[in-house]
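Novice: let's see this in three dimensions:
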Amino acid sequence: KSSSMSEVKTYYANFTNNMRVPNNGYCISGLEINEKDASKLLKYSNNHSDKKPILLIHGYQPNNNMASDDYWLKTAELLTNADYTVYEFRWRTNARFSDVADDLAKAIEIITQETRRTVTLIAHSFGGLLSRTYLQNYATTMPYNNNVQSLITIGTPNSGIFDSDYSTSNGNYSRYFPEGQDSGLHEGCNQLSCHEAGEPTEDGLSDTEIQYYGISTSTGELVYNLSQMTSGHQMPVDTLVLIGLTIGNIPYTVGNIIFEKGDALISYKGQRFLPDSATINNPTTGDIAKTLPGGKKYYEYVLGYPDLDLTSAVPGRFIFNFTLLQGYRHSSSYWGNATHGFRGTWNEAAIANENHHGYKQFLTWLTRNPTNIAPVLYQNANFKFK
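Specialist: Have a look, this model is predicted:
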């Protein structure tokens with residue numbers, strides 16, 4: 001329950017115009033800079049340190065807020081009852097992913113020092129990009145420290161939130177990115193995180209501001225870097241990718257449904273782990289592992305369809321006489337513009353009971369990938385658990 005989450009550590013940073021100032025940011029004349037809490041580590045109060053640790057990481061939040069107490073609903077309670085130690089990382093998303101990844105690294109360090117175990121990350125939406133920023137060594141100052149067991153992403157725009165199909169190149173590399181949006185709501189985003197994920201800030205930034213905030217003039221640089229997986233930036237852990245997909249009724253029929261474009265915020269293609277695989281002709285394959293550069297594996301599932309051939313669970317496909325099927329949307333805040341109307345749709349991250357398919361996938365994955373004794377611990381006393 002949300003009232004059982006207690007604060008462990010708060011990290012502070014400077015903000016101006018509601019945007020987080022990078023650690024190496026210089027002053028621009030006339031800008032008012034204020035220090036405020038930038039991120040927090042919370043712990044579910046019923047936990048004990050001898051249990052296996054899980055860290056929940058929320059996604060994008062508007063108006064420079066952190067997630068509310070009911071973001072994950074009963075997820076922490078359910079996982080605690082399943083004998084896990086549950087923490088939650090909250091962060092203001094109007095920032096460079098690399099700067100917040102420093103805070104995340106410190107939070108993970110606190111958990112490993114208390115539990116002496118590697119941590120499983122469960123991340124929703126932009127929380128998945130933040131997790132990968134740390135894991136793939138793109139944090140501003142904190143390198144990955146072998147303290148994560150595995151990663152679970154839910155509704156994460158791993159392949160970006162670009163307005164339309166997009167191709168980019170950088171040096172010797174070139175890459176295709178799919179249209180990642182399943183809603184017009186991205187157009188209202190005026191955050192640095194959205195810019196790095198593929199959607200320009202609404203008002204645009206001047207050249208001086210771009211230099212000040214330390215971001216690229218090209219949108220989507222972060223997802224581009226993450227997708228390249230060059231030496232030193234490969235995924236160090238296995239990943240479970242859970243994809244949200246809403247459904248609609250086929251007009252003038254009974255019990256017949258059609259899969260919509262995405263989860264009412266992020267498209268099916270945008271949620272695929274690698275942009276090169278984000279095509280209808282290359283569907284998710286469930287238990288069949290796909291190997292990444294460096295040897296780690298990832299698995300992709302479409303939420304809600306454990307009994308279906310996953311090659312059928314793709315946008316635009318029809319399923320007939322399937323009256324009990326339910327889709328999964330990004331959250332209760334995003335209903336999107338589904339062509340055929342929603343039917344019995346669940347939230348991806350707000351887990352209310354054990355019947356949520358995401359929760360069932362968590363337990364299966366956690367059993368297959370148990371946490372280990374943390375091999376390395378930072379020695380910086382400033383980060384020790386109090």
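Novice: show me where the stretch 151-300 of the chain has its strands.
Specialist: Assigned by DSSP state E, counting those that start in this stretch, the strands in the stretch 151-300 of the chain fall at 166-170, 173-177, 239-243, 247-249, 257-259, 290-291, 297-302.
Novice: please identify the most buried of the ones you listed.
Specialist: Among the strands of the stretch 151-300 of the chain, the stretch with the highest mean neighbour count (mean count of other Cβ atoms under 10 Å) is strand 239-243, at a mean of 26. C-beta: built from backbone N, CA, C; applies to glycine.
Novice: and the strands of the stretch 151-300 of the chain: which comes nearest A139?
Specialist: Between A139 and the strands of the stretch 151-300 of the chain, the tightest spacing by Cβ to Cβ is seen for strand 239-243, at 17.8 Å.
Novice: need the CA coordinates for the closest one. CSV is fine.
Specialist: C-alpha atoms of strand 239-243 as CSV (Å, rounded to 0.1, in the frame of the first residue of the first chain):
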residue,chain,number,x,y,z
THR,A,239,16.0,-8.2,-20.0
LEU,A,240,12.3,-9.1,-20.1
VAL,A,241,10.4,-6.7,-22.4
LEU,A,242,6.6,-6.4,-21.7
ILE,A,243,4.7,-4.7,-24.4
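Novice: adjacent strands (with direction) for that strand?
Specialist: strand 148-154 (parallel), strand 297-302 (parallel) (DSSP bridges).
Novice: mean pLDDT and distance to N18 added to these, as a markdown table?
Specialist: Formatted as a markdown table, those follow (pLDDT from 0 to 100; distance: least, Cβ to Cβ, whole Å):
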| stretch | mean pLDDT | distance to N18 |
| --- | --- | --- |
| strand 148-154 | 97 | 26 |
| strand 297-302 | 91 | 34 |
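Novice: including distance to Y87, could the ones you listed go into TSV?
Specialist: As requested, the strands paired with strand 239-243 are arranged in TSV below (distance: least, Cβ to Cβ, whole Å):
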stretch	distance to Y87
strand 148-154	13
strand 297-302	23
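Novice: ok, back up a step: tell me which of the strands of the stretch 151-300 of the chain approaches S227 most closely.
Specialist: strand 173-177 (6.0 Å).
Novice: given the closest one, what are its sheet partners and their directions?
Specialist: Strand pairing (DSSP bridges) places strand 173-177 next to strand 166-170 (antiparallel).
Novice: and the strand it pairs with, what's its mean pLDDT?
Specialist: Averaged over strand 166-170, pLDDT sits at 64.
Novice: from L104, how far off is the residue nearest to the spatial centre of the chain?
Specialist: Centre of the chain computed as the mean C-alpha position; nearest residue by Cα atoms, centre = their mean is G128, 2.3 Å away. Distance of G128 to L104, computed by Cβ to Cβ, to the nearest Å: 12 Å.
Novice: before we move on, back to that, next, the residue nearest to the centre of the chain: phi, psi?
Specialist: phi -70, psi -40 (degrees, to the nearest 10).
Novice: would you confirm that it contacts I154?
Specialist: Yes. Using Cβ atoms under 8 Å, G128 is in contact with I154, at 7.3 Å.
Novice: so S312, which state does it fall into?
Specialist: coil (DSSP: H, G, I helix; E, B strand; the rest coil).
Novice: neighbours around T16, how many?
Specialist: By the criterion of other Cβ atoms under 10 Å, T16 has 17 neighbours.
Novice: which ones are touching it?
Specialist: Counting by Cβ atoms under 8 Å, 6 or more residues apart in numbering, T16 makes contact with 31-34.
Novice: beta-bridge partners for it, please?
Specialist: M19.
Novice: if I look at it, how far off is E196?
Specialist: From T16 to E196 the distance is 18 Å (Cβ to Cβ).
Novice: again with G30
Specialist: Between G30 and E196 the distance, using Cβ to Cβ, works out to 25 Å.
Novice: list the helices and strands the helix or strand hosting T120 packs on?
Specialist: T120 belongs to strand 119-124 when assigned by DSSP states H and E. Packed against strand 119-124, as judged by 3 or more Cβ pairs under 8 Å, 6 or more residues apart in numbering; DSSP states H and E, are the following elements: strand 52-57, helix 97-115, helix 126-135, strand 148-154.
Novice: by how many degrees do the first one and helix 126-135 diverge?
Specialist: Spelled out, it's strand 52-57. Going by axes from the mean of the first three to the mean of the last three Cα atoms, to 10 degrees, strand 52-57 is angled at 120 degrees with respect to helix 126-135.
Novice: then the last one?
Specialist: Computed by the same axes, to 10 degrees, the angle separating strand 148-154 from helix 126-135 equals 150 degrees.
Novice: please apply the same query to the second one.
Specialist: Angular relation of helix 97-115 and helix 126-135 on a 0 to 180 degree scale: 80 degrees, by the same axes, to 10 degrees.
Novice: and the angle for helix 97-115 with strand 119-124?
Specialist: Using the same axes, to 10 degrees: helix 97-115 against strand 119-124 is 140 degrees.
Novice: and for the last one?
Specialist: Calculated by the same axes, to 10 degrees, strand 148-154 forms an angle of 10 degrees with strand 119-124.
Novice: likewise the first one?
Specialist: For strand 52-57 against strand 119-124, the angle between stretch directions is 30 degrees (the same axes, to 10 degrees).
Novice: avg pLDDT for strand 52-57?
Specialist: In this model, strand 52-57 carries a mean pLDDT of 96.
Novice: the second one too?
Specialist: The average pLDDT within helix 97-115 is 96.
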